[in-house]
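**Q** only the shape, not the letters, is given here:
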């Protein structure tokens, strides 16, 4: 039986994005193993799960321990294929393979390079050189936006390159939520019916940049409110900033929310202040909910919204953000037009559309792994 190993920095990443692919592999007759940070729970599609002590800091000793553990595991299990995700796990999964003459085939799915021309020089070179170092053992590199694809091609970061429309979104959980669910949340969180509610569900971090939205909110009419579901390192800092700016009464911080579709039904407009993205789920889900969208003009957002599916504003420009929101606030017809365009564009990112495309790329790039009669003898 063929074996595949999936790795990521956290099990939540596997649970949120890759379970349909694990299920596909099992349907194809593969034995599926998963190694990630955190508790190995909630992945019934895997035959075997194990925990890895990943730490966010690239040079943390525990990450090199992960590389050793993964090296031993890959040698013992003799995987036919390794599919790795998230920059941290991707590097430390491939690192022990650099010295191997015989190794599994490797796919690196890039969910958004965290370096580009705007990244500080030192950080950019560390991350880029990590990718260049491990490129020789990357048989197939999958990117999700045009900017990352151009970076991968320019620096030859994989043997074969392909651009995919993300991993696909299961839209059923949005389609099945009635507007009444959103109205109930507004009542629960004491958001007035007349409020124009902006929503940005994301981890609180410097990269996601919720602080810009709070500053922009201070320049917007009091009719505009902001809903910020999520947790993270910058949450308390953002709470303090909201108080400092005098907008705390118009901001809701509900923490980690399981029912994001109901939150989207509660909102009038989706926003993002992120400095960098791959192909963000929060924007695709907002598109499916038919919301007008105001987002930073960065990779990932551009791929989703260029062509009339949303409004883009310069990264870091709070005044431009406020101007875009004011435009929508004043023009109901424009809001409806953008919402319809977003919904129409969302279909190309549906799971049932994307999964066959991604698996076809795998088959075409590595036919010997998917045609039993071509499998080499062990």
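**A** Nice, thanks for sending it over. The model shown is predicted, which means the values in this text are computed figures rather than measured ones.

**Q** distance of residue 245 from residue 174?
**A** With distances taken as Cβ to Cβ, to the nearest Å, residue 245 is found 32 Å from residue 174. C-betas here are computed from N, CA, C, even on glycine.

**Q** neighbour count winner among those two?
**A** Ranked by neighbour count (other Cβ atoms under 10 Å), residue 245 and residue 174 place residue 174 first, with 21 against 17.

**Q** who are the packing partners of the helix or strand the more buried one falls within?
**A** For residue 174, the enclosing helix or strand under DSSP states H and E is helix 172-175. The helices and strands touching helix 172-175, judged by 3 or more Cβ pairs under 8 Å, 6 or more residues apart in numbering; DSSP states H and E, are helix 260-266, helix 281-288.

**Q** longest helix anywhere in this protein?
**A** Ranked by number of residues, the top helix in the chain under DSSP state H is helix 61-77.

**Q** most centrally placed residue in this structure?
**A** residue 280 (4.8 Å; Cα atoms, centre = their mean).

**Q** got phi/psi on the residue nearest to it when sequence neighbours are not counted?
**A** Once flanking residues are discounted, residue 280 sits nearest to residue 300: 5.5 Å by Cβ to Cβ, 6 or more residues apart in numbering. Main-chain torsions, residue 300, degrees, to the nearest 10: phi 90, psi -60.

**Q** OK, contacts around residue 300?
**A** 112, 144, 145, 274, 276, 277, 278, 279, 280, 283 (Cβ atoms under 8 Å, 6 or more residues apart in numbering).

**Q** check the secondary structure at the spatially closest residue to the second one that is not a sequence neighbour for me.
**A** Yep, that's residue 144 we're talking about. In space, and not counting its chain neighbours, residue 144 is closest to residue 279: 4.0 Å by Cβ to Cβ, 6+ apart. Assigned with DSSP: H, G, I helix; E, B strand; the rest coil, residue 279 falls in the coil class.

**Q** was I right about residue 279 contacting residue 304?
**A** Yes: Residue 279 is within contact range of residue 304, at 6.8 Å (criterion: Cβ atoms under 8 Å).

**Q** identify the contacts common to these two.
**A** Contact criterion Cβ under 8 Å, 6+ apart; residues bridging residue 279 and residue 304 by contacting each: residue 349.

**Q** more neighbours: those two, which one.
**A** More neighbours surround residue 304 than the other of residue 279 and residue 304, with 27 against 24 (other Cβ under 10 Å).

**Q** could you measure from the more buried one over to residue 81?
**A** From residue 304 to residue 81 the distance is 29 Å (Cβ to Cβ).

**Q** then residue 87?
**A** 20 Å.

**Q** cool, residue 187 as well?
**A** According to Cβ to Cβ, residue 187 stands 50 Å off from residue 81.

**Q** those two: which has the busier surroundings?
**A** Remark: of residue 187 and residue 81, residue 81 carries more neighbours, 21 against 12, as counted by other Cβ under 10 Å.

**Q** secondary structure element for residue 343?
**A** With DSSP H and E as criterion, residue 343 is part of helix 332-346.

**Q** tell me how far that helix is from the chain's mean position?
**A** Distance, stretch centre to chain centre, for helix 332-346: 23 Å (Cα atoms, centre = their mean, to the nearest Å).

**Q** which of the residues in whatever helix or strand comes next after that helix are buried?
**A** Sequence-wise, the next helix or strand downstream of helix 332-346 (DSSP H and E) is helix 351-365. Going by neighbour count (16 or more other Cβ atoms under 10 Å), the buried part of helix 351-365 is 351, 354, 355, 358, 359, 361, 362, 365.

**Q** avg pLDDT for helix 351-365?
**A** Average pLDDT, helix 351-365: 97.

**Q** list of residues touching that helix?
**A** Contacts to helix 351-365, defined as Cβ under 8 Å, 6+ apart, come from residues 20-21, 24, 107, 139-140, 142, 160, 162, 164-171, 347, 369-370.

**Q** can you check stretch 168-181 too?
**A** If you take Cβ under 8 Å, 6+ apart as the criterion, stretch 168-181 is touched by 20, 259, 261-262, 264-266, 281, 284-285, 288-289, 346, 349-355, 358.

**Q** for the stretch 101-250 of the chain, give me the ranges with low pLDDT.
**A** Counting by pLDDT under 70, the stretch 101-250 of the chain contains low-confidence ranges at 117.
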